[in-house]
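**Q** Task: produce atomic coordinates for the following.
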Amino acid sequence: MDQAAMMVGAVAAGIYWTSAASEVSYIIDHSGCSVLLAENDAQWAKVAQCRAELPRLRRVVMMRGATADDDLQLAWNDFMALGEARHQAEVDRRLAALRPDDLGTLIYTSGTTGAPKAVMLSHGNLSWTSVALTAAFGANPTDRLISYLPLAHVAEQLGAIHNHVNAGYALYFARSIESLGEHLAEVRPTIFFGVPRVWEKMHVGIANKLASATGVKARLAHWALTVGQRWHAGLLAGKPAGVALRVQKALASRLVHQKVQKALGLDQARLMISAAAPIAPENLQFFTGLDLLIREVYGQSEDCGPTSISLAGSTRIGAVGKPLAGTQVRVADDGEILVRGPHVFQGYMGAARRHRRDAGGRLAALRGSGAFR
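**A** Numbers count the residues shown, from 1 in each chain. Below you'll find the predicted structure:
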């Protein structure tokens, strides 16, 4: 649905499934939405409460549970039946007419105060970011990812929509966040994006199991954790491991690390990321004990998600790496982070522009936005 909208020059705007009726109403009205996709009756009920206040909304496409006698609703099968072959020429014409500066999507971000702000991301913003991230992560068709966050989230949009198309990797959709652990063991992703809460829950679960161990198993687990943390501390500091540590690491991997990684479904993960919120360094330190190095990404919706990323050679516990290639970042005298690059947004829809443009027409410095502090 998101790709189809952008292909014909329409603008997609996501809504979180947890949003209250008032928030749903605000986004539909503010975005000028004329067609809405609703998953089920529970989401429809939020729209029904305020339908009289939404004169521009013409159709609600129901994925399931459509009511036959409601002229605002359109059942999924009926919606798909509208896709006749005679429309293809118009789709091709609109697709060919798209330009990099055309608005592609709206990301509604709550910010810190007031109503949600609509971050305007152009086709050029999204395309450039996707290519840059795909290159930085070395993503390719042999990779596997799990999508479990709301598609209204900018990080999930990049991973599950744009990067997926560019890199061609296999994408698996979780039934729910609650079943993520089960899916991890089934899919065994090669790249895994986890918000801090996911990593924290894993940490607590593993720590509880280790705490319940006794005797030889407890001593072996503690030893393996210590070896893993020593190994990665040296690796991140650029210090080569000695012979003794290399032998211990090999033994710890065979006896403990590989078993825990397989149980988590992360035994084939070559890249593990934490982003969307700060994560405590002690959480990251704990996972290095299991030979799982989690790399942080820092950014915001206003630059399509990534500002800086931690990759090989630029990873440090408690830091967020270096600016994404092609991005300029500096800290102003007042402590505000300033970002410039092809991925920086066009502004907040319906709000006065707070940025300036450089001679090349790109957005330059962003000031006064709480998302950058």
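
**Q** what helix or strand does the residue nearest in space to the middle of the chain sit in?
**A** By C-alpha atoms, centre = their mean, the chain has its centre lying nearest to Ala155, at 2.0 Å. Here Ala155 sits within helix 154-157, counting by DSSP states H and E.

**Q** can you check Leu37 too?
**A** With DSSP H and E as the criterion, Leu37 is inside strand 35-38.

**Q** quick one: strands adjacent to that strand?
**A** Strand 35-38 has the following strand partners under DSSP bridges: strand 59-62 (parallel).

**Q** So for the strand it pairs with, mean pLDDT?
**A** Strand 59-62 shows a mean pLDDT of 96.

**Q** if we can go back for a sec, from what I see, the residue nearest to the centre of the chain and Ile273 are in contact.
**A** No - counting by C-beta atoms under 8 Å, Ala155 stays clear of Ile273, with 9.0 Å between them. The C-beta positions use only the backbone N, C-alpha and C, and glycine is treated the same way.

**Q** Between those two, which contacts overlap?
**A** In terms of C-beta atoms under 8 Å, 6 or more residues apart in numbering, Ala155 and Ile273 are both contacted by the residues Phe193.

**Q** For the longest helix anywhere in the chain, which outside residues touch it?
**A** Ranked by residue count under DSSP state H, the longest helix found in the chain is helix 215-236. Contacts to helix 215-236, defined as C-beta under 8 Å, 6+ apart, come from residues 210, 213, 240-241, 245, 248-249, 252, 255-257, 285-286, 288-291, 293, 315-317.

**Q** helices and strands around the next helix or strand after that helix, which ones?
**A** Using DSSP H and E, the helix or strand that follows helix 215-236 in sequence is helix 243-252. Helix 243-252 is packed against helix 215-236, with contacts defined by 3 or more C-beta pairs under 8 Å, 6 or more residues apart in numbering; DSSP states H and E.

**Q** tell me the mean pLDDT over the helix it packs on?
**A** 95.

**Q** quick one: buried residues of the longest helix of the chain?
**A** By neighbour count on 16 or more other C-beta atoms under 10 Å, the buried set for helix 215-236 is 221, 224-225, 227-232.

**Q** From the chain's centroid, how far away is the helix holding Ala155?
**A** Centroid separation for helix 154-157 versus its chain: 4 Å, with C-alpha atoms, centre = their mean, to the nearest Å.

**Q** who touches that helix?
**A** 2, 14, 105, 107, 119, 147, 149-151, 193, 275-276, 301, 304-305.

**Q** can you pick the most crowded of the residues you listed?
**A** Taking other C-beta atoms under 10 Å as the neighbour criterion, Cys304 ranks highest of the contacts of helix 154-157 with 32 neighbours.

**Q** any idea which element the nearest residue to that residue once chain neighbours are set aside lies in?
**A** Nearest residue to Cys304, sequence neighbours excluded (C-beta to C-beta, 6 or more residues apart in numbering): Thr129, at 3.9 Å. Assigned by DSSP H and E, Thr129 falls within helix 123-137.

**Q** Hmm, Phe108 is touching Met120, no?
**A** That one is not Phe; residue 108 is Tyr. No - Tyr108 is beyond contact range of Met120, at 11.0 Å (criterion: C-beta under 8 Å).

**Q** Counting neighbours, go ahead and name the busier of those two.
**A** Tyr108 (23 against 20).

**Q** how close does the more buried one sit to Ala13?
**A** Using C-beta to C-beta, to the nearest Å, we find Tyr108 at a distance of 7 Å from Ala13.

**Q** okay, and the common contacts of the two?
**A** With C-beta under 8 Å, 6+ apart as the test, Tyr108 and Ala13 both reach 27, 118.

**Q** picking that back up, need the contact partners of the helix or strand that comes right after the strand holding Leu37.
**A** Following strand 35-38 in sequence order, the next helix or strand is helix 41-48 (DSSP H and E). With contact meaning C-beta under 8 Å, 6+ apart, helix 41-48 is reached by 17, 19-21, 24-25, 28, 36, 38, 54, 57, 60, 62, 65, 73.

**Q** quick one: which of the buried residues of helix 215-236 is nearest Ala280?
**A** Nearest to Ala280, judged by C-beta to C-beta, of those is Gln229 at 15.2 Å.

**Q** The nearest residue to Leu98 once chain neighbours are set aside - how many residues pack around it?
**A** Nearest residue to Leu98, sequence neighbours excluded (C-beta to C-beta, 6+ apart): His123, at 5.8 Å. Applying other C-beta under 10 Å, we find 17 other residues in the vicinity of His123.

**Q** Ok, Lys201 next?
**A** Based on other C-beta under 10 Å, the number of other residues close to Lys201 is 13.

**Q** Check Ser22 too.
**A** Other residues near Ser22 number 10, with proximity taken as other C-beta under 10 Å.

**Q** show me what contacts it?
**A** Cys50.

**Q** Many thanks, have a good one.
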